[in-house]
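Asks: no FASTA, just this:
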Ligand code: NAP
C-alpha cells in the first residue's frame, strides 16, 4: 500500500517512493514516500507556523491532547502491536509490551504538561539584590526535530513527541526508514485527537539523504536523536548552537556476585540478553560472574536459553526472529567468528539458520574482541568469570559506553560500592541493565550520549529557562 507524508495536518504524496520489506519474511509490505528537500522545508515551515498556536495552548489543553493520544493508542493497541511486529520483526508479545509502555509514556507526558514550573529566587541574598522579586519560567524552544531508531518505533518516538508537545513545542519527526508505519499511525491518531495542524509532522526517507536538511536548518531549535553513536556524533558536529539530546548505544553489562539466587537471576539475564534478539540499547551483552558461581550460572543460562523459540514474529509462541536486516546478521556472525579466533568458546547458537541467528552464548571472550568492546546489537551474550565484584566493575568501566549497568549481590556494602564506582547513566542493583520504566531519568555517559529522557527530564532538555526580575 502506498503511504503519504504528514505535513501541516495534511497527507501529502511523495515524489519518490521506496519499498518497505518485512525483516523476517522479506516480503514487501508498503511503499514509503521519500521526502526531499522541499518536503522537509514545508514540514519545518508548518511546524514553525503551528508553534504560535501550541505555545498559546494552555497546559490543561496540552495535557488533554496528550491524554487523548494515549487513549486512542490504547484503543488501537493490537493493531499497533501487529504493525510493530511486521515492520520491525519484533515478536508480537514483545511488541504488545512496547505499545502498553507507549500508552503510559503519553500519559506521563499529559501529566507532566501540568507541572512545568520555575522557582522564585531570593535575590537579596546578594548585596545589591534588595528590593527585587525574581522568578524563573520554562518556555518552549520552538520547532524540535525528532530522529528515531527502528528498535522501539512507537515508544522511543513517544519519548520525544510526548515531552516536546507537553512543553508547547512543535515537532518534525523523522522515523527510521525500516519503521515508518507506526509513525504514520501516530500521525493518524494525533489528528484524531485534535492536535493543531503542523504541531506534528512526519517525514520519511533515508536519514543520510534528508538528515542534514533537518540538522542544519536554522528554524529547528533542538534535535532529539536516538540511534547509533556514529550518526549521533555526526549530528552533534553539524548542529551548531542547537540544543541536542543524544541517546546512543552501549555494550551493557551485569555483574553477578556469589551467593545470589540463580533461579531468579538467570531467567532475568536471559530475558535481558535475547529480548528482541538483543536489538535493545540496554540489552545484556556482557555478564561477569563470580568464580564460585560460574559453572552453575552458565549451565542454568544454557538451559533457560534453549527454551526460547524462533519463528514468525506474528506468531504467539515466538521469542526470537530474524534481525532487522540480513547485513546486520552477517556482521554479527563475523564478530562471533572473530571472538572465536581470539579464544572464545561458543556454547550455543553462532550460525545462521534460514534468515535467523539464534541466541548465541560465548564464554572466555577477551576484552578486545568486538563482541565485548563494541555494541553487538544482536542476539549474542558473553559470560566471563571474575574473581570479585571489583574486578567486574573494572571490566564494566573499561568501555567506551556507559548507559546502564546491573549488579546482583546480597551484600549491601558491595551494592553501595558498585553504585558509586560504575561509570554509567543508571545503576540497577539486583536487576539487569535492561530495566526501564518510562518516567525514570534515562540516558548515558561517554559514547552512550548525553541529556536525559524520561518525560520530566526530557522537558528540561526541550525548554529554555527564562529569568524575570522585578524591581519594586
Ligand atoms: P541509526 O542507524 O543511527 O539510525 C537512527 C536514525 O538516524 C534513523 O532514523 C536514521 O535514518 C537516522 N539517520 C541516519 N543517518 C543520518 C544522518 N546522517 N543524519 C540524520 N539522521 C540520520 O540507528 P538504528 O540502527 O536505527 O538504531 C540502533 C542504534 O540505536 C543502536 O546503536 C542503539 O543502541 C541505539 N539506541 C539507543 C537508545 C537509547 O535510548 N540510548 C535506544 C534505542 C536505540 P535511516 O533509518 O533512514 O537510516
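Replies: Received the coordinates, thanks. What you see is a predicted model, and the numbers here were worked out from it, not measured in a lab.
Asks: Same question for stretch 240-252: list its buried residues.
Replies: Buried residues in stretch 240-252, defined by neighbour count with 16 or more other Cβ atoms under 10 Å: 242, 243, 244, 245, 246, 247, 248, 249, 250, 251, 252. Bear in mind the C-beta positions are built from the backbone N, C-alpha and C, glycine included.
Asks: Contacts only, for the last one.
Replies: It refers to residue 252. When contacts are counted by Cβ atoms under 8 Å, 6 or more residues apart in numbering, residue 252 touches 281-286, 401, 403-406, 433-434.
Asks: if we look at the ligand, which of those are close to it?
Replies: Filtering the contacts of residue 252 for proximity to the ligand by Cβ under 6 Å from any ligand atom leaves 281, 403.
Asks: closest to residue 363 among the contacts of residue 252?
Replies: Among the contacts of residue 252, residue 286 lies closest to residue 363 (Cβ to Cβ), at 11.5 Å.
Asks: Tally up the residues packed near that closest one, please.
Replies: For residue 286, the neighbour count with other Cβ atoms under 10 Å is 26.
Asks: and the closest residue in space to it that isn't next to it in sequence, how far is that from residue 413?
Replies: Computed as Cβ to Cβ, 6 or more residues apart in numbering, the closest residue to residue 286 that is not its neighbour in sequence is residue 253, at 3.9 Å. Going from residue 253 to residue 413 by Cβ to Cβ, to the nearest Å gives 20 Å.
Asks: Also residue 42?
Replies: Per Cβ to Cβ, residue 42 is found 60 Å from residue 413.
Asks: go on, residue 164?
Replies: In terms of Cβ to Cβ, residue 164 sits 42 Å off from residue 413.
Asks: Those two - which one has more neighbours?
Replies: Legend: neighbour count by other Cβ under 10 Å for residue 164 and residue 413, higher for residue 164 (30 against 8).
Asks: Helix or strand for that one, just tell me which one.
Replies: Here residue 164, judged by DSSP states H and E, is contained in helix 155-166.
Asks: residues contacting the nearest residue to residue 40 once chain neighbours are set aside?
Replies: Counting by Cβ to Cβ, 6+ apart, residue 40 lies nearest to residue 213, which is 4.2 Å off, once chain neighbours are set aside. Taking Cβ under 8 Å, 6+ apart, we find residue 213 in contact with 37, 40, 41.
Asks: how far away is the first one from the ligand?
Replies: Spelled out, it's residue 37. Separation of residue 37 from the ligand (Cβ to the nearest ligand atom, to the nearest Å): 14 Å.
Asks: that older thread, let's see if you can find the most crowded of the contacts of residue 213.
Replies: residue 40 (25 neighbours).
Asks: Would you confirm that that residue contacts residue 203?
Replies: Yes - using Cβ atoms under 8 Å, residue 40 is in contact with residue 203, at 6.0 Å.
Asks: list the residues that contact both of these two?
Replies: Common neighbours of residue 40 and residue 203 (criterion: Cβ under 8 Å, 6+ apart): 172, 210.
Asks: Just the pLDDT at residue 335, thanks.
Replies: For residue 335, the model assigns a pLDDT of 98.
Asks: what about the strand or helix carrying it and the ligand, touching?
Replies: Per DSSP H and E, residue 335 falls inside helix 326-341. No - counting by Cβ under 6 Å from any ligand atom, the ligand has no neighbours in helix 326-341; the shortest distance is 8.2 Å.
Asks: what's near enough to touch the spatially most central residue of the chain?
Replies: Among the residues of the chain, the one closest to the centroid is residue 156, at 4.9 Å (Cα atoms, centre = their mean). Contact partners of residue 156, counting by Cβ under 8 Å, 6+ apart, are 148, 149, 226, 247.
Asks: Helices - which of these land there?
Replies: Using DSSP state H, no member of the contacts of residue 156 sits in helices.
Asks: CSV for the residues you listed, including distance to the ligand and pLDDT?
Replies: Output for the contacts of residue 156, formatted as CSV (distance: Cβ to the nearest ligand atom, whole Å; pLDDT from 0 to 100):
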residue, distance to the ligand, pLDDT
148, 6, 98
149, 3, 98
226, 5, 98
247, 3, 98
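Asks: In strands only, show me those residues.
Replies: Judged by DSSP state E, strands contain the following of the contacts of residue 156: 226, 247.
Asks: and which of the contacts of residue 156 is nearest to residue 133?
Replies: residue 247 (38.4 Å).
Asks: is it true that that closest one touches residue 454?
Replies: No - with contact defined as Cβ under 8 Å, residue 247 does not reach residue 454; the gap is 10.7 Å.
Asks: quick one: common contacting residues for those two?
Replies: Shared contacts of residue 247 and residue 454, defined by Cβ under 8 Å, 6+ apart, comprise residue 442.
Asks: need the residues of the stretch 251-400 of the chain near the ligand, please.
Replies: Within the stretch 251-400 of the chain, the positions near the ligand by Cβ under 6 Å from any ligand atom are 281, 375, 377.
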